[in-house]
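# Just the structure for this:
(chains A and B)
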Amino acid sequence: MDIRVRFAPSPTGHVHIGNIRTAIFDWLFARHSGGKFLLRVEDTDRERSTQAAIDTLLECMKWLGIDYDEEIFYQSKNAAAHLKAAEKMLLDGKAFRPKVAGPEPAPIIFKLPWYTDDNPDVRIAGPAELQVDPAAPVKISSSGIHFSQLNEKGKSTERSASLAGYHQLKILDSTGKCLFEIEKEIENIFKKDATFEIANSAKLIFQRREIVFKDIIKGELAKPLDSMKDLVIVRGDGTPVFHLANVCDDVEQKITHIVRGDDHVENTYRHIFLFRAIGYPVPLYAHLPMIVNQSGKPYSKRDGDAYVGDFRSKGYLPDALFNYLSLLGWSPGDDREKMTRKEIIDAFTLERVKSSSAQFDMNKLGNMNGQYMAEISPAKFADEIWKVAESQGWTAGIDQVYFAKVAGLMQSRTKLFPQVSAWKFFFFDEYEKDGKAVNKFLQDANVKSAIRKISELIEASSDFNIDVLQKFIRESENLSGIQEGKLNQPLRIAVTGQTTGAGIYETMEMLGRERTLKRLAAIGGN
RNA sequence: GUCCCCAUCGUCUAGAGGCCUAGGACACCAGGUUUUCAUCCUGGCGACACCGGUUCGAAUCCGGUUGGGGACGCCA
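The predicted model follows:
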């Protein structure tokens, strides 16, 4: 079989981390199996769909290296086919237009089929009974069954469902007397539009049927038909509804496997009927567990970090994010975590996807990103980080060769590209200083005089390199009675304004004699 | 409320009835390397939600309880 899967986002906002994870799993499955990965933009909600959202989606996919096969399929362009399918169902008696009061046109409603003997997805679950509120009549018509149930506290709640779930229905009153038998009236209901209102109903007994499918990830999933309703497939205004469009397009695109978030499980039960009604084999399903945020809640608009673009602008590497996301709800089965794209593709199977939800962990992503960062070649690192500095707008007049040297010094302690902004002290005399650290380390008179001594030693020397700098610092420490090494941190703050960074001797050497002396003089005083 | 789903360290996970005294990773703690910082190395802390059942044997199978999530639109 030629495997064909699709990623079908609706472009109504930014792509968030859950969406893109779905795309990643779809893509991984397609690439692993040698099938096709198709992109379908579900833009039937014309009011909320925007071109900007489509653009950012495409950009995020490209950034993460998720490529797609064939042309992008725009759902809105296939509306005619959706409507045609609905008309056909109307003609075949699989759908109907309810009578509506008022001038607005009626929608088209798909009717869950009454006769399901030839439908392998429907099975008999056994006899069932439901207590109903005798105060409210049970209403039965071609548009379904309507009744009220009493809860423990005696509160009455209304329910309606498709007739399809109520085979062999008998309605009994409180004495057990049968008031209605559905099999006797079913022809009248469907062919002659007969309606019934049965007062004093106390109990419904019927043969329960359920719709079943085998999910590749979750295993066998079933839902009783008596808890399902017929569904609108075309709105009163004549536009197709998601369910119809989605299924028609899957048929159109010859989709064989549907891999999507498990918030769609309930839709699947209905879509299976739609596939059958259209006469297309039901695809195989795999429902992915959700990703929840760091508080364990589903992602919502409030989770600023959820947008894929944010990860990019914060400096995360696409390969790191991809790798991390692939491990959310899936694992190769051994202890590997950091894996190349190819290793992930080779190891990926839907059967190994977990069925419980996974919590997003920034710490782990950060660690993963660090591992990828450490692998970047110095040249590429210098190149990438230059671009970031450029976008931060402070590269004018900076020598790129010198910049590359600084990058080489700083690479091992850079976790995220935007941290480059802390390097300005290498290039400018104006830079941010950590005021607290200055107060803490540079107030002591003895330290100041020791720093002054170092300046003198540097000035008197013709050499300026790591070795002599280290020697001078030790010498000054000894002269001032300061423990060896204790001058390092004050010096760092004096020349960089920061408490962290590369080795202090290397940093001073990189800065050069002139700048170093100038900054030391500003502290030690002369 | 009804229906559906889920449940192993704080987090991501390994685990297909005996290889489990439950393994790995992140985080955390301690020590070491780096005369700073980061990296790195070593060690430590730390979980089968609960109750029953099946079995010689259960994290694993079954039932129930609890907890969490999802779906119940002329949104997608």
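# if I look at the residue of chain A most remote from its centre, how far off is A:Leu517?
The centre of chain A is farthest from one residue, A:Ala460, which by Cα atoms, centre = their mean lies 61.7 Å away. Relative to A:Leu517, A:Ala460 is positioned 12 Å away (criterion: Cβ to Cβ, to the nearest Å). Where you see a C-beta, it was placed from the backbone N, CA and C, and this is true even at glycine.
# for A:Phe360, same thing?
According to Cβ to Cβ, A:Phe360 and A:Leu517 sit 49 Å apart.
# which of these two has more neighbours?
It is A:Phe360, of A:Phe360 and A:Leu517, that has more neighbours when counted by other Cβ atoms under 10 Å, with 21 against 18.
# pretty sure that one contacts A:Ile17?
Yes. The pair A:Phe360 / A:Ile17 is scored as a contact, 6.6 Å apart, by Cβ atoms under 8 Å.
# For A:Arg474, pull up the helix or strand it's in.
Assignment of secondary structure by DSSP states H and E places A:Arg474 within helix A:466-480.
# again, but for A:Tyr402
Here A:Tyr402 is assigned to helix A:400-410, by DSSP H and E.
# Grab the CA positions of the longest strand belonging to chain A and hand them over as PDB.
Counting residues, the longest strand found in chain A (DSSP state E) is strand A:203-215. C-alpha atoms of strand A:203-215 as PDB (Å, rounded to 0.1, in the frame of the first residue of the first chain):
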ATOM      1  CA  LYS A 203     -37.800   3.400  31.100                       C
ATOM      2  CA  LEU A 204     -36.200   2.800  27.700                       C
ATOM      3  CA  ILE A 205     -34.900  -0.700  26.900                       C
ATOM      4  CA  PHE A 206     -33.000  -1.300  23.700                       C
ATOM      5  CA  GLN A 207     -30.300  -3.300  22.000                       C
ATOM      6  CA  ARG A 208     -27.100  -1.200  22.400                       C
ATOM      7  CA  ARG A 209     -24.900  -0.900  19.300                       C
ATOM      8  CA  GLU A 210     -21.500   0.700  19.200                       C
ATOM      9  CA  ILE A 211     -19.100   2.000  16.700                       C
ATOM     10  CA  VAL A 212     -15.600   0.500  16.900                       C
ATOM     11  CA  PHE A 213     -12.300   1.200  15.400                       C
ATOM     12  CA  LYS A 214      -8.800   0.000  16.100                       C
ATOM     13  CA  ASP A 215      -6.500   2.900  16.800                       C
END
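# which helices and strands does it pack with?
Using 3 or more Cβ pairs under 8 Å, 6 or more residues apart in numbering; DSSP states H and E, the elements in contact with strand A:203-215 are strand A:122-131, strand A:167-172, strand A:219-224, helix A:265-278, strand A:284-288.
# ranking those by burial, who's on top?
Looking across these with neighbours counted as mean count of other Cβ atoms under 10 Å, the highest average goes to strand A:284-288: a mean of 22.
# following it, which helix or strand comes up?
Note on strand A:284-288: by DSSP H and E, the next helix or strand toward the C-terminus is strand A:291-292.
# And the helix or strand following that following strand, what does it pack against?
Once the chain leaves strand A:291-292, the next helix or strand it forms, by DSSP H and E, is helix A:308-313. Helices and strands touching helix A:308-313, as assessed by 3+ Cβ pairs under 8 Å, 6+ apart, comprise helix A:17-33, helix A:51-63, helix A:318-326.
# Show me what counts as buried in helix A:308-313.
A:308, A:311-312 (16 or more other Cβ atoms under 10 Å).
# again with stretch A:90-101
Those would be A:90, A:94-96, for stretch A:90-101 by 16+ other Cβ under 10 Å.
# Turn the residues you listed into a markdown table, columns for distance to RNA strand B and pLDDT.
As requested, the buried residues of stretch A:90-101 are exported to a markdown table (distance: Cβ to the nearest atom of the strand, whole Å; pLDDT from 0 to 100):
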| residue | distance to RNA strand B | pLDDT |
| --- | --- | --- |
| A:Leu90 | 15 | 94 |
| A:Lys94 | 17 | 93 |
| A:Ala95 | 13 | 94 |
| A:Phe96 | 12 | 91 |
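# ok, which pair from these is furthest apart?
Of all pairs drawn from the buried residues of stretch A:90-101, the greatest distance, 8.6 Å, lies between A:Lys94 and A:Phe96 (Cβ to Cβ).
# Need the residues touching each of these two.
Jointly contacting A:Lys94 and A:Phe96 under the rule Cβ atoms under 8 Å, 6 or more residues apart in numbering are A:Lys111.
# just to revisit the earlier point, in strands, which of the buried residues of stretch A:90-101 appear?
A:95-96.
# Please identify which of the buried residues of stretch A:90-101 is nearest to A:Asp444.
A:Ala95 (86.0 Å).
# Give the closest residue to the closest one in space, chain neighbours not counted.
Spatial nearest neighbour of A:Ala95, excluding adjacent residues (Cβ to Cβ, 6 or more residues apart in numbering): A:Met89 at 3.9 Å.
# quick one, what contacts the one you found?
Applying Cβ under 8 Å, 6+ apart to A:Met89 gives the contacts A:95, A:108, A:110, A:233, A:277-278.
# among these, which two are most distant?
A:Ile108 and A:Ile278 (14.0 Å).
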